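Undergrad: what's the 3D shape of this:
(one chain, ligands or ions: 2)
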Amino acid sequence: MPMVIAMAGKGGTGKTTLSALLIHYLLTNRRTPVLAVDADANANLNELLNLKVDLTLGQIRKELKNDIPVHITRDQFMEMKVHQALIEENGFDLLVMGQPDGPGCYCAANQHLAMTMDKLAANYRYILVDNEAGMEHLSRMNLRRIDLLLIVSDPSARGILTARRIAELTGPLAMEVKNKYLIVNRLPEPTPAELMARIEETVAAADLPLAGTLPDSAVLTGQELRGESYLTLPADTPVVQAAFRIFDKIIK
Ligand SMILES: Nc1ncnc2c1ncn2[C@@H]1O[C@H](COP(=O)(O)OP(=O)(O)OP(=O)(O)O)[C@@H](O)[C@H]1O
Ligand SMILES: [Mg+2]
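TA: Numbering: from 1, shown residues only. Ligands and ions are numbered 1, 2, ... in the order given. Predicted structure coming up:
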């Protein structure tokens, strides 16, 4: 059974950044194979990994609604297409969910997709899901459980309270969430003592364990601007070190 790790958090807090750093971590530590799923309608995890996306699951669902070649079943068609959509890299594969379904009934297509995803998931040691702020995609992927939900927040008391609300929202999801942690991102360095105290105070009240913090890092901004893969960031980069320390602690 793969370990399923999913990102959550308000828009722009750093979910995709952390996803890319987590893939870096898993590859560096040879905890492979990894399936990375970009579940954001505006997919952009591929950009941080410098990969090109040709086919998304959303496009496949649309195709499946139409006529498919007569000589294969819908399940075979779905399986073939999903493998076509899979971007295969060294140690990990990337799958992009793409746009949500348009009007019309996609129930059958989603059922086929769920079955295919089940079969696919069994091939991996880790499944990492980069989400948009909402978590609707998770149910469509037919994941029954999340082993680790990482909720990313900006470094403010209000941001952390929002993170807590997001953590509470996972209650009604039709899946089991085993562990949840908060990660506070983009901490200014040096961190003003009042800010750190405020963060700690809010974290304690939020009843959401703090896995750690990440510094605001010009290295990340530069890497993104140059369009270079985060996977090439040296392990001694402070923000990479901070991320790896967090993952060491929470990923068994
Ligand atoms: N620690 C950091 N240091 C510097 N810049 C950062 C850091 N974390 C994130 N950023 C920048 O903030 C922006 C938003 O980050 P990111 O795309 O990871 O957020 P997100 O939560 O995935 O956003 P969305 O909700 O739109 O998917 C990006 O330009 C990213 O480079
Ligand atoms: Mg994102």
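
Undergrad: in three-state terms, label the residue positioned nearest the centre of the chain for me.
TA: Centroid-nearest residue in the chain: Asp130, 1.8 Å away (criterion: CA atoms, centre = their mean). Assigned with DSSP: H, G, I helix; E, B strand; the rest coil, Asp130 falls in the strand class.

Undergrad: my guess is it meets Asp40, correct?
TA: Yes: the criterion here is CB atoms under 8 Å, and Asp130 meets it with Asp40 at 6.2 Å. For the C-beta atoms, the positions are set from N, CA and C on the backbone; glycine is no exception.

Undergrad: for ligand 1, what's its nearest residue on the stretch 51-200 of the chain.
TA: Nearest residue of the stretch 51-200 of the chain to ligand 1: Arg186, at 4.6 Å (CB to the nearest ligand atom).

Undergrad: pull up the pairing partners for whichever helix or strand that residue is part of, direction included.
TA: If you go by DSSP states H and E, Arg186 is part of strand 176-187. Next to strand 176-187 in the sheet, as set by DSSP bridges, lie strand 145-153 (parallel), strand 210-215 (parallel).

Undergrad: could you identify which of those strands is most buried?
TA: strand 145-153 (a mean of 23; mean count of other CB atoms under 10 Å).

Undergrad: now do the nearest residue to Tyr25 once chain neighbours are set aside, the pLDDT please.
TA: Spatially, and ignoring its direct neighbours in sequence, Tyr25 is nearest to Phe247 (4.6 Å; CB to CB, 6 or more residues apart in numbering). At Phe247, the model reports a pLDDT of 98.
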